[in-house]
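[1] Give me a model of this one.
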Amino acid sequence: MKQFIICLFLLIIPQIQAQETGHYIYLTAGGGFHNLSCEIQNGTEKGSPGFTFNAGYGYNFTQHLGLQTGLGLKSFQSSGILNCLLIENSTDAEGDVYEFRANYNNWKENQKALYLNIPLGFQYRFALGKKIKLLTTVGGEITFPLIGNYSVTSGEIVTTGYYSQWNVEIGDAPRHGLTTVTDRYEGSLPINPSYSVFVDVGALSKISNHADLYIGAYFDYGLNNISDSNGFAVYQPDGAYNGMFGSNQIDKVIPVSVGLKIGLLWNYPCKL
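    Next up, the predicted model:
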């Protein structure tokens, strides 16, 4: 009888280990606060809601440790508002030097971006019971911009020219580029790939022999500046509009996201 129990125990243990290690695939979706974080020198900036969708593959080396990778989509959105007077030196058609003055009144611009992300994370699992496990993933990811654009939604820019040699300020002269600008500009967002670190913390709930429901929170933080600014003014004397991210008003842009997500994991146990 004793030998039978020992043999049965030796048969059961590998099966338990097999269920704790092996391959899995996953699908998750979520959303939260996704910001193209930046500091506007003479304005204010805020983030907006965004979404994330991820699919991939993972492997559990032990009942606690694993590795995960995959592909994902993540949206970002921010907006900036300018209420300021910006001045730069310029030269008119006659060769006279003057100050080009651009007075921004509630000038609001929205920025949107969609990124493809490739994560690589290390996981730690801790069982709270037969059906519930805590799951923490820490790692890094590289993201590539798929779509990026900006659009002006409100406000005006009143432009004038000040000639210090005559102490004269000229305005309302459209032929000379001095006017009130209310155009709703749109264009491509000058952004680059991002390198980020991320942390996911959540729980797995067993719903079948090979499937778990995942619910958790995530936090991603960019490590590099994704702005590709040309260093010019937002609005130039020749009428060119560069957008806030392409101007000298912004030094750097960092993608930041935090939110909640839900998903499914399909397990394929195997013996190490």
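[2] and I40, how many neighbours does it have?
    19 (other C-beta atoms under 10 Å). (Glycine included, C-beta is placed from N, CA and C.)
[3] show me the residues around it that make contact.
    Shown in contact with I40 (C-beta atoms under 8 Å, 6 or more residues apart in numbering): 80, 82, 244, 249-250.
[4] beta partners of it?
    Bridge pairing for I40 (DSSP bridges) gives the partners I250.
[5] Would you check how far apart it and Q68 are?
    Taking C-beta to C-beta, to the nearest Å as the measure, I40 falls 37 Å from Q68.
[6] cool, and V258?
    With C-beta to C-beta as the criterion, V258 and Q68 are 19 Å apart.
[7] And these two? Which one has more around it.
    Q68 (22 against 15).
[8] is it true that the more buried one touches Y57?
    Yes - between Q68 and Y57 there is a contact under C-beta atoms under 8 Å: 7.4 Å.
[9] Spit out the residues that contact the two alike.
    Y26.
[10] what about the strands in the stretch 101-250 of the chain?
    Ranges of strands in the stretch 101-250 of the chain, per DSSP state E, counting those that start in this stretch, are 132-163, 168-171, 180-181, 186-188, 194-208, 211-222, 250-269.
[11] Quick one: end-to-end length of stretch 220-236, please.
    35 Å (C-alpha to C-alpha, to the nearest Å).
[12] quick one: average pLDDT of it?
    The average pLDDT for stretch 220-236 rounds to 90.
[13] Buried ones in it, by neighbour count?
    220, 222, 225-227, 229, 233-236 (16 or more other C-beta atoms under 10 Å).
[14] cool, and stretch 117-126?
    117, 119, 121, 123, 125.
[15] what's the answer for stretch 174-185, then?
    Buried, per 16+ other C-beta under 10 Å, within stretch 174-185: 177-179, 181.
[16] Give me the lowest-pLDDT entry from the residues you listed.
    G177 (85).
[17] quick one: contacts for that residue?
    159, 237-239.
[18] filter the residues you listed to the buried ones?
    So, by 16+ other C-beta under 10 Å, the buried ones in the contacts of G177 are 159, 237.
[19] Looking at the contacts of G177, which is nearest A29?
    G239 (43.3 Å; C-beta to C-beta).
[20] give the contact list for that closest one.
    Counting by C-beta under 8 Å, 6+ apart, G239 has contacts G177.
[21] got it, and the one 10 residues further on?
    For Q249, the contact set (C-beta under 8 Å, 6+ apart) comprises 40-43, 82, 234.
[22] and these, which two are the farthest apart?
    Q41 and V234 (10.5 Å).
[23] Please look at L27 and Y214 and confirm they touch.
    No - assessed by C-beta under 8 Å, L27 is found out of contact with Y214, at 9.3 Å.
[24] on that earlier part again, export the buried residues of stretch 220-236 to TSV and append columns for distance to Q111.
    Formatted as TSV, these follow (distance: C-beta to C-beta, whole Å):
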residue	distance to Q111
D220	18
G222	15
N225	15
I226	11
S227	10
S229	13
A233	18
V234	13
Y235	16
Q236	19
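[25] Among the residues you listed, name the ones in helices.
    Counting by DSSP state H, no part of the buried residues of stretch 220-236 is found in helices.
[26] ok, so of these, who is nearest E88?
    A233 (5.7 Å).
[27] Contact partners for that closest one?
    A233 sits in contact with 86, 88, 102, 242, 247-248, where contact means C-beta under 8 Å, 6+ apart.
[28] just the buried residues of stretch 174-185 now: which is nearest T136?
    Using C-beta to C-beta, these come closest to T136 at V181, 50.7 Å.
[29] The closest residue in space to the closest one that isn't next to it in sequence: how many residues sit nearby?
    Spatial nearest neighbour of V181, chain neighbours left out: I157 (4.1 Å); criterion: C-beta to C-beta, 6 or more residues apart in numbering. Counted by other C-beta under 10 Å, the residues lying close to I157 total 20.
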